[in-house]
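J.: Sequence first, then the predicted structure, then my questions.
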Amino acid sequence: MKVLLEEITDLAETETIDINNFFGIYRNMLDALETPVCLVSIPGDFLFFNTVACRNMNLPLQQIAGHNEREFFSTEHCQKYSQRRLEGVKTGKSKSYIDEILLPSGVVQVFLTVMTPIKDKKGCDYSLAVSHDITEQRQNEKLLKKYTQQINSSHLRHSVNEISSTIAHELNQPLSAISLYASSAKRCLALPEEKDKVEQALTRIEEMVERLGHSIHSIKERFSTTVTNFELVDINACINHVMEVFAPKLAINNIKLNKRLETKHIVLKLDKLQFEQALGNIVQNAVDSLSHLSRPGVIIVSVSDSDNYVEVSIDDNGNGISKEEHNKLFGSFYSTKINGLGLGLAICKNIIEKHCGKLTLSNNRAGGCRVTIRLPKKVSDN
């Protein structure tokens, strides 16, 4: 079929032809095609329709041949095709068009039509139109576009959900601490001798508010491409600061804290805010896992120093992690908690890797969980 249509088109473009002989030679072959083919004069008179073209019109050839297109199609349609036929006569070249057409049968179809100008031996101009029904292809393209938009919309919602969930997760810790310190301050106000404790609680609240600001900044950093802000930081000081934040929560949940820090000062090049955020998330996970135990909970924070690395380990005496959970815990939105968002460890891993470090999970000898942060002593600013 393709060869036949190419032969007809080439002949029509390169020679003047005798219309009657032309269709005498090709009529049977054109009628056998599953592609609509028609010959139209420049004013729009139909001279020839093959079988498929007649079927699309829902009319026999006798009711089409000799009639003008205005009898079957809208004025807009006729004007458009008239302009195309005139353009073909002017250029002498074939040109393809894609149109959505409401056929007289009442069916809307999409056609890719190649219109070829023809000049007969008397000098009259015609247009040979060979159409390909691409309705199904166009419908599939529309479906693909629709699904692509839905996928993009889904990705956008996912991103928005991730951002909002991260905000909720990161702000919950300092807000909880503020609430605890505020309650403590209210109780102490009733006792004049507890004035120092009120001032201490208010100071802690100020620190928590400052931490909230840092958390918001850190969240913004997580969803942007900005560079991590490195500075020289004392590891022991960072750990002590984070554990002070958690002191009220540890007391309420009857969790004992054991710090095994190096006696010497260990100074590393870190983003202090991000590192404390990661450490805080890990401690929060330990508190959550121990708060439901019938036995007293224990959290041990250890620091070990070697030539090239510093390791910070956080151990608890909870129930540990299963093999099935181990590889999933670093993924966003996976959580072992009933109301967990599954973002804590994913954020921690992201932060530690920004420091060229490594975050690992394992079970300790007591059967609880151990989280190890391994940081290089030399970190590139890039």
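T.: Received, thanks.

J.: buried stuff in the longest strand along the chain?
T.: Looking across the chain with DSSP state E, the single longest strand is strand 108-119. For strand 108-119, the neighbour count (16 or more other CB atoms under 10 Å) marks Q109, V110, F111, T113, M115, T116, P117, I118, K119 as buried. In this view, the C-beta of every residue, glycine as well, is placed from N, C-alpha and C.

J.: Check stretch 36-53 too.
T.: For stretch 36-53, by 16+ other CB under 10 Å, it's 36-41, 44, 46, 48-53.

J.: if you look at the residues you listed, which of them are in strands?
T.: Among those, the residues falling in strands (DSSP E) are V37, C38, L39, V40, S41, F46, F48, F49.

J.: can you name the two of those residues that are farthest apart?
T.: Across those, the longest distance by CB to CB is 15.4 Å; it joins V37 and S41.

J.: Tell me who's in contact with the nearest residue to A53 once chain neighbours are set aside.
T.: Distance criterion CB to CB, 6 or more residues apart in numbering; nearest residue to A53, sequence neighbours excluded, is P36 at 3.8 Å. Counting by CB atoms under 8 Å, 6 or more residues apart in numbering, P36 makes contact with F49, N50, V52, A53, N56, F111, A129, V130, S131, D133.

J.: Go through these and say which is closest to D288.
T.: Set against D288, the nearest of the contacts of P36 by CB to CB is D133 (62.5 Å).

J.: For the closest one, grab the count of nearby residues.
T.: By the criterion of other CB atoms under 10 Å, D133 has 16 neighbours.

J.: which residues touch it?
T.: Counting by CB under 8 Å, 6+ apart, D133 touches T35, P36, Q109, V110, F111.

J.: measure it to D99 for me?
T.: As judged by CB to CB, to the nearest Å, D133 and D99 stand 11 Å apart.

J.: which residues do these two both contact?
T.: What both D133 and D99 touch, as defined by CB under 8 Å, 6+ apart, is the set V110, F111.

J.: any idea how this protein splits into domains?
T.: For the chain, automatic domain parsing gives the domain ranges 2-133, 135-226, 227-382.

J.: a markdown table please, covering those domains and showing mean pLDDT.
T.: Listed next are the domains of the chain as a markdown table, based on pLDDT from 0 to 100:
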| stretch | mean pLDDT |
| --- | --- |
| domain 2-133 | 79 |
| domain 135-226 | 66 |
| domain 227-382 | 82 |
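
J.: Closest to S184 out of the buried residues of strand 108-119?
T.: Nearest to S184 among the buried residues of strand 108-119 is V110, at 72.7 Å by CB to CB.

J.: Could you identify the most distant pair in the contacts of D133?
T.: Comparing all pairs in those by CB to CB, the longest separation belongs to T35 and V110, at 14.1 Å.

J.: ranges for the strands of the stretch 201-350 of the chain?
T.: For the stretch 201-350 of the chain, strands defined by DSSP state E, counting those that start in this stretch occupy the ranges 231-234, 255-260, 267-270, 297-305, 309-316.
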